[in-house]
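Engineer: Below are the sequence and a predicted model for it; my questions follow.
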Amino acid sequence: MRRTKIIATLGPATDRHGMLEKLFLAGVDVFRINYSHQTHEIHERRINEIRDLSYKYKHAVAVIADLQGPKIRIEHFKNGKVELKEGSSFKINTELASDAGDETQVGVSYKELARDVKADDVILVDDGKIVLQIKSVDKHIIDCEVITGGELSNNKGLNLQGGGLSASAVTDKDINDLNHAAAIKVDYIAISFPRDAEDIKRARKMMDECDCKAEIIAKIERAESLNHIEEIIEASDGIMIARGDLGVEIGDAALPPVQKSLIKMARDMDRPVITATQMMESMIEHKIPTRAEVFDVANAVIDGTDAVMLSGETSIGNYPDKAVESMSRICEEAEKQRSVRISDHRINQRFDSSEEAVAMSSMYAANHIGAKAICSLTETGSTCLWMSRISSGIPIFAFTRHTATRRRVSLYRGVYPMKLDITHTDPLEANKQMVDQLINQGTVTDGDFVIITKGDLRGKRGGTNNMKIIQVGQALEHTL
């Protein structure tokens, strides 16, 4: 069973007849809607179709709503595009009309840009393809020299090398989108461009105000966020390594070690982590990935990422289903490496709760007894998240009565959602029901060891306090 989860971004390509079902059957665990594009009505229609497929195939998948955030873009040129020559002068004018750009100047969506920059700063446009060095700043005019030129067209993104722009992480548009995301009951909200933990706390407060029950994924894409990374992870429910803008701001050579460090840090702090951006971008146009893309996905898996994400490959690509199939195949092969199945997670640390102690003990026992599966009877999925921080090849099945919990755990590495309501069931019968489900799907057979975790008080959040070791086909009262 593939342990690393796959996220697919929805878009015009997934609207083709039957494509969402193909992606569902190809093994997508989480779908992403991008509020930077298209309307609320389109997003809602797609989510309804996903929920229908989930019901049809009796398989829970999560939905991430990705807020646009303060994405800073240049505005429009009169003729749609210009050619910038190296060594020439080019101005960014924060008061220029949105459609009045030409070979000498262009407007910008962020009207406070002139306040945030100074002479000798470097501005990167269109993912760093165009490089501008600031010569002077005079009120609303930022006078630059073109260091790296080329064709520049409308609405391209703008970054400040090294970071430092003060734009708020949650915009008015985001608040409107957040209300819509709450109404359609998404499972995760991705917050774009947070600078520090305060940005995450403000977003959480806004979510509480609109009664949004989703969890927060912090997108790490600003250079300055790395200076506050532990606090950001602590304030969030998970992180996404958004390598596009982050790579532009910190430089492409710095990105690989930062990615590895972020994956490890998130896992150490018991948070899920998503690796995103350009993972298999050549598959927007082609049926197979490049070898470099194969290595990129495999390395993220070996490093311990919970999920790998497809963006343009599925949203606008020619072969969305083939991109998912290729990514799944690469993940499965990478997971065969021995290094992916060993762990020293929290081995020398004190546990914070009895629930975490049970989770860690269960994983230790499972790895040393050769268990074929772990069954976690859970209300919130927390026990499963703790278990999934231990690198292992043993599948963790999250049995829960709550639809929201089944969707949420779909993001966790090595965790598989299962529907079961034992609120009014005898404890031994509950054990049998879980094991029977695993037998019916071919996961275990007579003689296999299965570990079960649950709480004495059924239906109580945070109540996991015991573990059982069961041998399939033997009396269920055998415990350890």
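Structural biologist: Here it is on my side, so go on. These figures come from a predicted structure and were not determined experimentally.
Engineer: who's in contact with the spatially closest residue to E49 that is not a sequence neighbour?
Structural biologist: Nearest residue to E49, sequence neighbours excluded (C-beta to C-beta, 6 or more residues apart in numbering): L20, at 5.5 Å. For glycine as for every other residue, the C-beta is placed from the backbone atoms N, C-alpha and C. Contact analysis of L20 by C-beta atoms under 8 Å, 6 or more residues apart in numbering lists 10, 14, 46, 49-50, 53.
Engineer: Now, the residues you listed that are in helices?
Structural biologist: Those of the contacts of L20 mapping onto helices are 46, 49-50, 53, per DSSP state H.
Engineer: which residues does the spatially most central residue of the chain bridge with?
Structural biologist: By C-alpha atoms, centre = their mean, the chain has its centre lying nearest to I274, at 3.8 Å. Counting by DSSP bridges, I274 is bridged to M240, A307.
Engineer: Could you verify my assumption that it touches S236?
Structural biologist: No - contact criterion C-beta atoms under 8 Å: I274 and S236 do not qualify, at 11.5 Å.
Engineer: any shared contact partners between those two?
Structural biologist: Residues touching both I274 and S236 (C-beta under 8 Å, 6+ apart) are I217.
Engineer: Which one of the contacts of L20 is nearest to R389?
Structural biologist: I50 (27.7 Å; C-beta to C-beta).
Engineer: looking at it, that closest one is touching H59, isn't it?
Structural biologist: No - if you go by C-beta under 8 Å, I50 and H59 don't touch, sitting 10.9 Å apart.
Engineer: Which one of those two is surrounded by more residues?
Structural biologist: Taking other C-beta atoms under 10 Å, I50 and H59 do not tie; I50 has more neighbours (22 against 18).
Engineer: Who are the contact partners of the more buried one?
Structural biologist: Neighbouring residues of I50 by C-beta under 8 Å, 6+ apart: 20, 24, 31, 61, 63.
Engineer: And for L178?
Structural biologist: Counting by C-beta under 8 Å, 6+ apart, L178 makes contact with 65, 67, 170, 189, 206-207, 210, 212.
Engineer: Take these and write them to JSON lines, including distance to E332.
Structural biologist: Shown next, in JSON lines, are these (distance: C-beta to C-beta, whole Å):
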{"residue": "A65", "distance to E332": "28"}
{"residue": "L67", "distance to E332": "32"}
{"residue": "V170", "distance to E332": "38"}
{"residue": "I189", "distance to E332": "30"}
{"residue": "M206", "distance to E332": "39"}
{"residue": "M207", "distance to E332": "35"}
{"residue": "C210", "distance to E332": "39"}
{"residue": "C212", "distance to E332": "34"}
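Engineer: among the residues you listed, who's most crowded?
Structural biologist: Highest count within the contacts of L178 by other C-beta under 10 Å belongs to I189, 26 neighbours.
Engineer: wait, is that one part of a strand?
Structural biologist: Yes - assessed by DSSP: H, G, I helix; E, B strand; the rest coil, I189 belongs to a strand.
Engineer: Model confidence score at it, please.
Structural biologist: I189 carries a pLDDT value of 98.
Engineer: State whether it and A218 are indeed in contact, as I suppose.
Structural biologist: No - at 10.0 Å, I189 does not count as touching A218 under the criterion of C-beta under 8 Å.
Engineer: Name the residues contacting each of I50 and H59.
Structural biologist: F24.
Engineer: which stretches of the stretch 101-250 of the chain form helices?
Structural biologist: 113-116, 172-183, 197-209, 229-235, 243-250 (DSSP state H, counting those that start in this stretch).
Engineer: ditto for the stretch 251-400 of the chain
Structural biologist: Assigned by DSSP H, counting those that start in this stretch, the helices in the stretch 251-400 of the chain fall at 255-268, 291-303, 312-315, 320-334, 354-369, 382-388.
Engineer: Mean pLDDT lowest where, among the ones you listed?
Structural biologist: helix 354-369 - the lowest mean pLDDT of those, at a mean of 86.
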